[in-house]
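*Asks:* Just need the structure, nothing else, for what follows:
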Amino acid sequence: MTITFLIVSYSVLIFVLLLMPKRLTKVEAYMTFFVVSFHTLAADLLFASIMGLYNIMGKKGPQISDFITETTLPALFGIIFVNFLPTGKVKLFLYIILWVLLSTIFEGIARYVHYLEFTGWKTSYSILFYIYACLFMIWHVSFTRKNRMK
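*Replies:* Next up is the predicted model:
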């Protein structure tokens with residue numbers, strides 16, 4: 001069931017990426033991919049491998065399949081998130097709420113299909129992390145755009 005979950009997740013994300021209006025430059029998309037991948041790997045190294053708060057794909061310790069999935073799947077979500085960033089404080093606030101909700105639901109599905117197993121982690125930690133991730137990505141795209149070719 002985990003493999004089906006990953007295939008469906010990648011298929012949907014790639015479909016969205018191919019059909020979405022491109023609001024990011026190639027450099028912004030490239031930078032976003034690597035920034036999200038780095039943050040995901042760092043978070044998983046700290047929270048899963050070092051602190052043992054969750055397992056990915058039912059395995060303890062990092063695996064090559066974890067590395068591939070963790071460097072690509074969240075990055076695709078990140079590119080979509082940044083691509084559709086709205087302007088205006090109210091719209092941005094609602095957009096963040098929507099993404100935190102969608103991320104929490106996606107995580108719940110990941111737990112249901114045993115892609116993710118909590119061993120001390122709590123959904124409330126995830127919600128805080130998703131808020132941080134959204135705010136960081138907003139800062140990231142702003143920083144990237146302000147410092148282009150400087």
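*Asks:* and residue 52, how far is that from residue 45?
*Replies:* Distance, residue 52 to residue 45, using C-beta to C-beta, to the nearest Å: 12 Å. No exception for glycine: its C-beta is placed from N, CA and C like everyone else's.
*Asks:* Equivalent analysis for residue 15, please.
*Replies:* From residue 15 over to residue 45 (counting by C-beta to C-beta), the distance is 30 Å.
*Asks:* Counting neighbours, go ahead and name the busier of these two.
*Replies:* residue 45 (13 against 10; other C-beta atoms under 10 Å).
*Asks:* Please read off the pLDDT at the more buried one from the model.
*Replies:* We have a pLDDT of 89 for residue 45.
*Asks:* do the same with residue 93
*Replies:* 97.
*Asks:* Give me the neighbour count for it.
*Replies:* 11.
*Asks:* What of residue 141?
*Replies:* 20.
*Asks:* how close does it get to residue 23?
*Replies:* Residue 141 is 10 Å from residue 23, by C-beta to C-beta.
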